[in-house]
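Novice: Give me the fold of what follows.
(chains A and B)
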Amino acid sequence: MDSKKYQPVIGLEVHVELKTKSKMFCGCSADYFGQKPNTHTCPVCLGLPGALPVPNKKAIEWCVMIGMALNCEIPLFSKFDRKNYFYPDLAKGYQISQYDQPFCLKGSIKLSNGKTIGITRVHMEEDTAKLIHQFGTQNSKLKTQNDEGYSLIDFNRSGVPLVEIVTEPNFETAEEVKEYLRKLHQLVRALGVSNADMEKGDMRLEPNISLKREGQIDLPSYKVEVKNINSFNFVGKAIEFEIKRQAEILDKGEKPTQETRGFNEAKNSTVSQRSKEEAHDYRYFPEPDIPPFRWNQEYLDKLRASMPKLTEEKQQELINKYNINPVSAATIVYNPDLYRTFASTASIGQEAFGTAYEVTANMLINKKLPYIEVSSEELAKNIANLTKVSNIDDNKLEKIIDEVILENEKAVEDYKNGKETVIMFLIGLVMKKAQQKLDAQMVKEKIIQKLK
Amino acid sequence: MNLNTLTITQAKEGLKEKKFSSVELTKACLERIKNVEPKINAFVTVSEKEAIEQADKADKLASQGETLQDKPLLGIPFSVKDNFCTKGMRTTASSKVLDDFIPPYDATVVAKLKEAGMVILGKTNLDAWAHGSSTETSDYGTTKNPWNIKHLPGGSSGGAAASIAADEAIAAIGSETAGSIRQPSDWCGVVGLKPTYGRVSRYGVVAMASSLDSPGPITKRVEDAALILNILAGKDTYDATTSPKPVDDYLATIKNNIQGIKIGIADEYFDDITEQVRKKVLEAIKVIEKMGVKIIKIKLFPPKYTIAVYTILQRAEVSSNLARYDGIRFGNDRSFFADEAKRRIMLGTYALSAGYYDQYYNKAQKVRTVIVNDFNKAFKEVDVILAPTNPWTALPLGASKDNPMYGEMADALVEPSSIAGLPGINVPCGLSNIGLPVGFQLIGPQFSESLILNIAYQYEQTTQWHKLKPKL
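Specialist: Numbering: from 1, shown residues only, chains lettered A, B, ... in the order given. The predicted model follows:
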């Protein structure tokens, strides 16, 4: 197989579970992970007769914020729709979701390789209950009549808010996908709207993958969706497997089946899901129990202003304001405690002690000074003490240098034999003897002069 | 005297003056229920024990000085339509799917009435899932019209209306999607108020058509309906479609002079009605005219065109609302659905399906807007609209079985106002030549319940129809 003939066309659908206090349409606690089954339920999330959904304002605001962070348009009119289908984990027999008028549309995000990934939409929906399957009852506590298997349903997760983020099929490599996922992960955590803990199912990934021939302009006429991927790593593996698998089929002159496949971790492969389902007709129609939303621009502007600053913004700010290098800026931003103390420490350092911003940055990052329970003032002082160059009487200095040279015959001899780095050692000794931080360059010159 | 024949106002006065206790009042109703139920079958569940317990509690509260201001319905026995969830009390929606369903919660309407001190006598019969205009499609047998037990009471709140006409309860709670309060009230000769959509919470009412369902009172007097609306109306945090609009004091304005009010009459609502209905409604108009109102001829969108709109929208929403009855979490599975429910599910699913959504559901919603605009236009010329509630009087038993579209055709005169979310009230205005009740309806703009209650009250007090009772 010549993989160069084909170009991967990859899109991504990510579901992010919001960490709101309550569920999307009722007041039950949304914190379901590890809880005793069916303890966070009410008529609404159980789909009892007569129950009605009331939207969670915070969840919607957070969804809009995610969209804003992804540079989306926020249409002034939006609504919920019913997505009708039957499954035991779907209490009402329909999921309240968004169909044709979602909260956010047409966004974008830039990757480090300069490529822009289009964000098709960001919308709100509710999670389903959790199904636990027991195949055969030999080893289970519950016994069924003929030892058949059974399934249990836990409704704690039913109704938890989910944000769905769909990209345009702009990805071409697994690496790009992984970078996007990392950025998205950081973004929702920085916004404070989700823990995005993959192991807890807070963030679910579904890539869809197809191949087009090099030079082909239209999108491929099929796409394969892959489900059940639990980590960014596995996404990469799944994509790589699919690209290979599809290329082999195309090489034969056939077209890969449009289908949903599951990812098998043990084999690092994808597997066709049991039945080839017909395209579902979800019979979408506007949710009559929830009036539509009509934003006004003022409200949206306020919401945008209330968003926590995002990582890249913060980094750029540090670089612009404090003139520190990008690597330092990144390090500081990714450490919340460091980020919190840096600005004030740097300012005080400069104003009170004349310490350069870059010096403060370096000291905090590299010297690993304790900074968590320490005030900025004290930190700035410590740094100044460690870095400030003080004056010394010339004669006193000469005397110290002479002493050091006398006391370190071997080192001096090494230096004279060409080992230049010994100078640093000698400078250190001079400073130690002087019990002062001195201008290292000046001391160096004096020592070199003396050793000539 | 037969305490069960009292109205709310009369019962409250009697209780206040200690002429009788709530237990005596409740027992009188229970006695009546025992006597006439074999003939009427208005109730699916009679909760005798609970009712007496509640009545007893009410008497104790009253003796402790619980003022009737805090609890305006203290000790008053009600019947509740069986599509309202009542905590700990079986709720079936008259379908075998919910034969053994005991809700773990109260509908907001029920909770509010309980808070106000109501006693629940039991749950009344309806067309299964409220799908109908006859109560004949109930899985628990047909309810009979107390005025003539060979005739239907109407539906879907047939049991509720019959329980009032037969004096089995002092007041009743029903619900309307398109006619389900007004039509059986008409056929049973009682007052039935359908509030504006969104005025009263739907939380806990077994959903039929979500954009249409409106809970409301069915009573012996207009004043009783106003009192109940005072308690029920208002925003509910459990129902996102309830309006935050402030609630009027409906009793305060009920006795206002109605001189000068402009009442619209549209010929389109008088086509295709029987002579008996025409005669009585025209008489009623003359009576009202004498009270100084202005009768104005208006043109309205012909009701017959709303039948298709209503049929499609309602069944589409029904097909989705019934999806939760899978028998997994509660109740019986789908094999327990009876024919009418199945018909509506099939038609609704079809109207929403890919390829058909645009020409059916979407188009119906567009025509809905046309109807809304049509009423808005009319209300620029008049304050309220008066029309017959139903084209004919109570039909004989079995009438609904021949024609699957029976209900929709019969409800043509109430469908337009339901589709537009408007409030409407049925007021009895006489008996036909064979002794079956005739009523007219007043339809007002959204949130104009005060106005229609006012006009209804004045008409009622000027006439004697409310004093008529069937011979059972």
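Novice: What residue spans form the domains of chain A?
Specialist: Per the record, chain A has its domains at A:3-304, A:309-387, A:394-451, by automatic domain parsing.
Novice: Give me the secondary structure label for the closest residue to chain A within the stretch 201-350 of chain B.
Specialist: The nearest approach of the stretch 201-350 of chain B to chain A comes at B:Ala323, 2.4 Å away (Cβ to the nearest Cβ). Yep, even glycine has a C-beta here, placed from its N, CA and C like the rest. Classification of B:Ala323 using DSSP: H, G, I helix; E, B strand; the rest coil returns helix.
Novice: if we can go back for a sec, and of the domains of chain A, who's closest to B:Thr137?
Specialist: Checking those against B:Thr137 by Cβ to Cβ gives domain A:3-304 as the closest, at 17.8 Å.
Novice: what is the rounded mean pLDDT of the closest one?
Specialist: Averaged over domain A:3-304, pLDDT sits at 92.
Novice: Next, see if that domain gets close to chain B.
Specialist: Yes - Domain A:3-304 lies within reach of chain B by Cβ under 8 Å from any Cβ of the partner chain, at A:43, A:46-55, A:82, A:84, A:86, A:88, A:91-94, A:153, A:281, A:283-285, A:288-291.
Novice: who are the neighbours in contact with the closest residue to A:Lys110 other than its chain neighbours?
Specialist: Among residues not flanking A:Lys110 along the chain, A:Thr116 sits closest, at 5.4 Å (Cβ to Cβ, 6 or more residues apart in numbering or on different chains). A:Thr116 makes contact with A:108-110, A:170, according to Cβ atoms under 8 Å, 6 or more residues apart in numbering or on different chains.
Novice: that older thread, format the domains of chain A as TSV; extra columns: distance to B:Tyr310.
Specialist: Formatted as TSV, the domains of chain A follow (distance: least, Cβ to Cβ, whole Å):
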stretch	distance to B:Tyr310
domain A:3-304	14
domain A:309-387	50
domain A:394-451	88
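Novice: Tell me how far the residue of the stretch 201-350 of chain B closest to chain A lies from A:Arg245.
Specialist: Applying Cβ to Cβ, to the nearest Å, the value for B:Ala323 to A:Arg245 is 37 Å.
Novice: show me what contacts B:Lys18?
Specialist: No residues are in contact with B:Lys18 under the rule Cβ under 8 Å, 6+ apart.
Novice: what are the phi and psi values for the residue of the stretch 1-150 of chain B found nearest chain A?
Specialist: Of all residues in the stretch 1-150 of chain B, B:Cys85 sits closest to chain A, at 4.7 Å by Cβ to the nearest Cβ. Main-chain dihedrals, B:Cys85, degrees, to the nearest 10: phi -70, psi 130.
Novice: got the buried residues for the stretch of helix or strand A:Leu184 belongs to?
Specialist: Assigned by DSSP states H and E, A:Leu184 belongs to helix A:174-191. Within helix A:174-191, the residues scored as buried using 16 or more other Cβ atoms under 10 Å in any protein chain shown are A:174, A:176-181, A:183-185, A:187-191.
Novice: ok so A:Glu445 is a helix residue?
Specialist: Yes - assessed with three-state DSSP, A:Glu445 lies in a helix.
Novice: Count the residues that sit near it.
Specialist: 11 (other Cβ atoms under 10 Å in any protein chain shown).
Novice: Let's see the pLDDT reported for it.
Specialist: Value for A:Glu445, per-residue pLDDT: 87.
Novice: ditto for B:Leu282
Specialist: As predicted, B:Leu282 sits at a pLDDT of 98.
Novice: for B:Glu53, same thing?
Specialist: What the model reports as pLDDT for B:Glu53 is 98.
Novice: what about it, distance to B:Leu113?
Specialist: From B:Glu53 to B:Leu113 the distance is 16 Å (Cβ to Cβ).
Novice: Neighbour count: those two, which is higher?
Specialist: B:Leu113 (26 against 14).
Novice: roughly how far apart are B:Ile434 and B:Gln276?
Specialist: Distance from B:Ile434 to B:Gln276, by Cβ to Cβ: 8 Å.
Novice: quick one: which of those two has more around it?
Specialist: Using other Cβ under 10 Å as the criterion, B:Ile434 and B:Gln276 rank with B:Gln276 on top: 17 against 11.
Novice: Stretch B:396-408 spans what distance, first to last residue?
Specialist: Its start and end residues considered, stretch B:396-408 measures 17 Å (Cα to Cα, to the nearest Å).
Novice: brain fart, stretch B:234-241
Specialist: End-to-end distance (Cα to Cα), stretch B:234-241: 11 Å.
Novice: hmm, that stretch touching chain A?
Specialist: Yes - judged by Cβ under 8 Å from any Cβ, stretch B:234-241 and chain A are in contact via B:237-241.
Novice: Out of these, which end up buried?
Specialist: Among the residues of stretch B:234-241 next to chain A, those classed as buried by 16+ other Cβ under 10 Å are B:238-241.
Novice: ok, so of the residues you listed, who is nearest A:Thr331?
Specialist: For those, the nearest to A:Thr331 is B:Ala240 (46.8 Å; Cβ to Cβ).
Novice: how about the strands of the stretch 51-200 of chain B, start to end?
Specialist: Counting by DSSP state E, counting those that start in this stretch, the stretch 51-200 of chain B has strands at residues B:77-81, B:119-124, B:171-176, B:191-194.
Novice: Kindly report the same for the stretch 151-300 of chain A.
Specialist: So, for the stretch 151-300 of chain A - with DSSP E, counting those that start in this stretch - the strands run A:161-167, A:203-213, A:224-227, A:259-264, A:269-272, A:285-286, A:293-294.
Novice: For B:Ser320, which residues are in contact?
Specialist: Counting by Cβ under 8 Å, 6+ apart, B:Ser320 makes contact with A:82, A:84, A:93-94, A:283, A:285, B:348, B:352.
Novice: Can you tell me which of these is closest to A:Ala69?
Specialist: Taking Cβ to Cβ as the measure, A:Ala69 lies nearest A:Arg82 of those, at 28.2 Å.
Novice: The closest one in helix, strand or coil?
Specialist: Using three-state DSSP, the structure places A:Arg82 in strand.
Novice: where's it relative to A:Thr20, distance?
Specialist: Per Cβ to Cβ, A:Arg82 is found 22 Å from A:Thr20.
Novice: who's more crowded, those two?
Specialist: Ranked by neighbour count (other Cβ under 10 Å), A:Arg82 and A:Thr20 place A:Arg82 first, with 26 against 21.
Novice: where's the more buried one relative to A:Pro53, distance?
Specialist: Going from A:Arg82 to A:Pro53 by Cβ to Cβ gives 10 Å.
Novice: joint contacts of these two?
Specialist: Contacts common to A:Arg82 and A:Pro53, judged by Cβ under 8 Å, 6+ apart, are A:96, A:287.
Novice: The stretch 151-300 of chain B: helices as residue ranges?
Specialist: Taking DSSP state H, counting those that start in this stretch to define them, one finds helices in the stretch 151-300 of chain B at B:158-165, B:182-188, B:222-232, B:275-289.
Novice: Could you dump the ones you listed into a markdown table with distance to A:Lys223 added?
Specialist: Compiled in a markdown table, those are given as follows (distance: least, Cβ to Cβ, whole Å):
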| stretch | distance to A:Lys223 |
| --- | --- |
| helix B:158-165 | 54 |
| helix B:182-188 | 53 |
| helix B:222-232 | 52 |
| helix B:275-289 | 62 |
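Novice: I'd like to know which of those helices lies nearest to A:Ser306.
Specialist: Using Cβ to Cβ, the helices of the stretch 151-300 of chain B put helix B:222-232 closest to A:Ser306, at 38.4 Å.
Novice: From B:Leu193, how far off is B:Ile173?
Specialist: 11 Å.
Novice: so which of the strands of the stretch 151-300 of chain A is the most packed in?
Specialist: Among these, strand A:161-167 has the highest mean neighbour count (mean count of other Cβ atoms under 10 Å in any protein chain shown), at a mean of 24.
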